[in-house]
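**Student:** after the sequence you'll find the predicted model.
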Amino acid sequence: MQSFDVMNGNRAAAIGASLAKPDVIAAYPITPQTPVVEYLTQFVADGVLESAMSEVESELTAMSMVTGASLAGARTFTATSSQGLALMYEPYFRASTLRLPIVMAIVNREMISPQTVWGGPQDSISVRDSGWLQIYVEDNQEIMDMMIQAYKIAENEGVLLPINICYDGFYLSHMTEKVFIPEQEKVDAFLGRYQPNHIILDPSRPMAVDPLTNGELLMNYRYLHLEAQQNALQVIEETDKEFESLFGRSYGGLIESYRMEDAEYAIITMGSMTGAAKEAVDFARQNGKSIGLVKLRVLRPFPKSKIIEALSKVKAFGVVDRNVSFGWNTGVIYQEIKSALYESGQFMPSIPFIGGLGGEDLTLDMMIEAIETICHASESKETIWLTRE
Amino acid sequence: MKFKTKYIAPVGGDGIHTINTGDWRIKKPVLSQEKCVKCGYCLLHCPVNAISKKDGQFTISYSYCKGCGICAHGCPPDAIEMVPEVEK
Amino acid sequence: MNEIKEIRLHGRGGLGTVKAAESLVYAAVMDGIYANSIPFFGFERQGAPVTAYLRISQDPIRPKNRVYKPHAVVVMDPTLMKAVDVFEGIRENGIFVINTALDPKQLNIDPKVKTIVTVDANSIAMEILNNAITNTVMLGALIKGTGWVSLDRVMDKAGELWGEKNRQAVMRGFQDAKVTNL
């Protein structure tokens, strides 16, 4: 029997990470991620967790430290938000191109300016092309479960890439609800030990790590990195199934389809906004509208085939973006969905929505409004901003 | 979209989250002019510049006073008393 | 109780508003039903107005949003009445729980409110806890006014989080709260 407790998203992340028994944790506190660091420090102080916990002096150091630890063969964990992620950008990129399976929680917070501490995934979405895997979750149970799955995915021999589990600041990080806690023995069996062979700092196995490299060879590494990202598509799906067989919970793998079986229209969401959007779908269905929802769970690698398949029968769709793509006049997810569909030759009307930036709420009313617009779309439109009236 | 600002960059109080520190006050500092020795301790230490000196007298403005009590705590002659805010 | 019950709690930094909401979630979950709570922080510090949103339901709760149309509003500190519009969006036949020494007739209450629960939480907290941290007393008053979660669970959680005196404070809040139906 899995026990349960009542906890916020940050606590779920800390417990999830500690169940994977990381050897080294290095993190620097930043709102809204701070409690993750506090909980982990507490676990170590209480002797519940036997990790080497380092309170470093900046995010730059945090990422550098877990990079070094991972190179030495350790299982590692760190977490950050917003400006902290920006500060660690240089070692952030290196962690992925060194193919180190580091797990990092990103508690999504809007980027400045203006000065803000509230939610919005602009931080992690802006670094989506840094070679990391990125998964976005909807509730606290999913945070807990994906923290564990993250290690399984990242450390897979065909993947060997670092991974971000991203969850909305405040709407999840400080939201309290019931969460089941997987049993330690089962997690141990599910994950096994991390045993690197591809890159390691080990005197008994000398290798030159990260030497100056010409472009011809670098292109080889990039080719293999892209291939590993594609391998991750299948690994994420398989991990979801294996997790379900052990712990009884599945999230649908790369995407989650909700009431899509016979849907003529679709709304696409990501992260904590999905709950309100599902309510709005139910409401619209009661009013005779044939609408379904697709929750994008994995942004990197992008689940192209799954998106094509999910949207193959719809007459029109809309994408709610809690971020902006400067220069496109839309959000990021909208452009990515459209790119995926181009290959399939499907050119149905589509509508970009932007809302919920800087901690603004994406309310049930806004989702109902978005669905109303999608279900009446006969042609594509310019971005519609979801704002309070 | 309905615009709530006339600026293109985050400046000024227009459209920006302003913190009304006056709303935070549970107790307010009340200065007794009889006990006051005009040392200026309160003026120097007030974190929101709520205390000013005019015609040789110190006065407390309650617009932004957040009720932190630093002035009362440090006042050498104990001339400032923290009085609970009343309901309504 | 099939629909989601929505509650908004108004407090000040340091009064334990967010923890109060969390202990209600705990009580609901232990009762076998579902709940979630989301606090809204600004640059929080002692004394700054804090809002917490709470949902309670028989079924799992999907929305992770603030509460805009509360069934019940709890005001932890009477001076908030002039700092915040505590009645914003309150539903018809709403429940209003307030920490006050005044009689309900002396208060300026929104006409949508049907049930007013008053309790002099400051005095009770001073008496039992020797400080004006009113959250546990207000929890007792909220339970008396709504009955949406069980008193025992909340008392247990308050005792676990803050000790025996706060357990008693929940009980006293429940006993001393005066429920007036308009």
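**Tutor:** Nice, thanks for sending it over.

**Student:** close to chain C: what parts of the stretch 101-250 of chain A are there?
**Tutor:** Counting by Cβ under 8 Å from any Cβ of the partner chain, the stretch 101-250 of chain A comes close to chain C at A:117, A:138, A:139, A:168, A:170, A:171, A:172, A:174, A:175, A:176, A:177, A:178. From N, CA and C alone the C-beta is placed, and that goes for glycine too.

**Student:** and chain B, which of those residues reach it?
**Tutor:** Here nothing survives when these are matched to chain B using Cβ under 8 Å from any Cβ.

**Student:** which one of those sits closest to chain B?
**Tutor:** Chain B has its nearest neighbour among these in residue A:117, at 10.1 Å by Cβ to the nearest Cβ.

**Student:** how many neighbours does that closest one have?
**Tutor:** Around residue A:117 sit 20 other residues, with neighbours defined as other Cβ atoms under 10 Å in any protein chain shown.

**Student:** tally of neighbours for the residue lying closest to it once chain neighbours are set aside?
**Tutor:** Spatial nearest neighbour of residue A:117, excluding adjacent residues (Cβ to Cβ, 6 or more residues apart in numbering or on different chains): residue A:31 at 4.8 Å. Summarising burial for residue A:31: neighbours were counted as other Cβ under 10 Å, giving 20.

**Student:** host element of residue A:31?
**Tutor:** When secondary structure is defined by DSSP states H and E, residue A:31 falls outside every helix and strand.

**Student:** check residue B:73 too.
**Tutor:** Using DSSP H and E, residue B:73 sits in helix B:70-74.

**Student:** could you look up the SS state of the residue nearest the centre of chain A?
**Tutor:** To find the centre residue of chain A, average its C-alpha atoms and take the closest one (Cα atoms, centre = their mean): that gives residue A:135, at 2.2 Å. Secondary structure for residue A:135, judged by DSSP: H, G, I helix; E, B strand; the rest coil, is strand.

**Student:** and the pLDDT for it?
**Tutor:** Looking at residue A:135, its pLDDT is 98.

**Student:** and it, how far is that from residue C:11?
**Tutor:** Relative to residue C:11, residue A:135 is positioned 35 Å away (Cβ to Cβ, to the nearest Å).

**Student:** does chain C have contacts with the helix holding residue B:73?
**Tutor:** No. No part of helix B:70-74 sits near chain C under the criterion Cβ under 8 Å from any Cβ; the closest distance found is 12.7 Å.

**Student:** report all helices and strands that that helix contacts.
**Tutor:** In terms of contact count using 3 or more Cβ pairs under 8 Å, 6 or more residues apart in numbering or on different chains; DSSP states H and E, helix B:70-74 is assigned the packing partners helix B:41-45, strand B:80-84.

**Student:** between those, which one is closest to chain C.
**Tutor:** Closest approach to chain C among those is made by strand B:80-84 (8.7 Å; Cβ to the nearest Cβ).

**Student:** circling back: may I ask you to confirm that the residue nearest to residue A:117 is in contact with residue A:84?
**Tutor:** No. Checked against Cβ atoms under 8 Å, the pair residue A:31 and residue A:84 is beyond contact range at 9.6 Å.

**Student:** thinking again about what came up before, check contacts around the residue nearest to residue A:117.
**Tutor:** A:81, A:109, A:117, A:169 (Cβ atoms under 8 Å, 6 or more residues apart in numbering or on different chains).

**Student:** likewise residue C:141?
**Tutor:** Applying Cβ under 8 Å, 6+ apart, we find residue C:141 in contact with C:74, C:97, C:99, C:117, C:118, C:119, C:121, C:173, C:174, C:176, C:177.

**Student:** what about 7 Å?
**Tutor:** Taking Cβ atoms under 7 Å, 6 or more residues apart in numbering or on different chains as the definition of contact, the neighbours of residue C:141 are C:97, C:117, C:119, C:173, C:174, C:177.

**Student:** from chain B, how far off is it?
**Tutor:** Separation of residue C:141 from chain B (Cβ to the nearest Cβ, to the nearest Å): 16 Å.

**Student:** which pLDDT value goes with that residue?
**Tutor:** Value listed for residue C:141 in the pLDDT field: 97.

**Student:** can I assume it sits in a helix?
**Tutor:** Yes. Residue C:141: assigned to a helix according to three-state DSSP.

**Student:** skipping adjacent residues, who's closest to it in space?
**Tutor:** Excluding its sequence neighbours, the residue lying closest to residue C:141 (Cβ to Cβ, 6+ apart) is residue C:177, at 3.8 Å.

**Student:** follow-up on the earlier one: could I get the helices and strands packed on helix B:70-74 as TSV with mean pLDDT and mean neighbour count?
**Tutor:** Putting the helices and strands packed on helix B:70-74 into TSV (pLDDT from 0 to 100; neighbours: other Cβ atoms under 10 Å in any protein chain shown) gives the following:
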stretch	mean pLDDT	mean neighbour count
helix B:41-45	96	17
strand B:80-84	93	16
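
**Student:** okay, the ones you listed in CSV with distance to chain A next?
**Tutor:** Below are the helices and strands packed on helix B:70-74 laid out as CSV (distance: least, Cβ to the nearest Cβ, whole Å):
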stretch, distance to chain A
helix B:41-45, 26
strand B:80-84, 30
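
**Student:** for these, which one sits closest to residue B:56?
**Tutor:** Nearest to residue B:56 among the helices and strands packed on helix B:70-74 is helix B:41-45 (12.5 Å), distances taken as Cβ to Cβ.

**Student:** can you give me the pLDDT of the residue of chain B found nearest chain A?
**Tutor:** For chain B, the residue closest to chain A is residue B:10, as judged by Cβ to the nearest Cβ, at 3.4 Å. For residue B:10, the model assigns a pLDDT of 79.

**Student:** excluding chain neighbours, what is closest to it?
**Tutor:** Ranked by Cβ to Cβ, 6+ apart and with sequence neighbours excluded, the top spatial neighbour of residue B:10 is residue A:114, at 3.4 Å.

**Student:** ok so, going back, distance to residue B:67 for the helices and strands packed on helix B:70-74 - can I get that in JSON lines?
**Tutor:** Output for the helices and strands packed on helix B:70-74, formatted as JSON lines (distance: least, Cβ to Cβ, whole Å):
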{"stretch": "helix B:41-45", "distance to residue B:67": "14"}
{"stretch": "strand B:80-84", "distance to residue B:67": "7"}
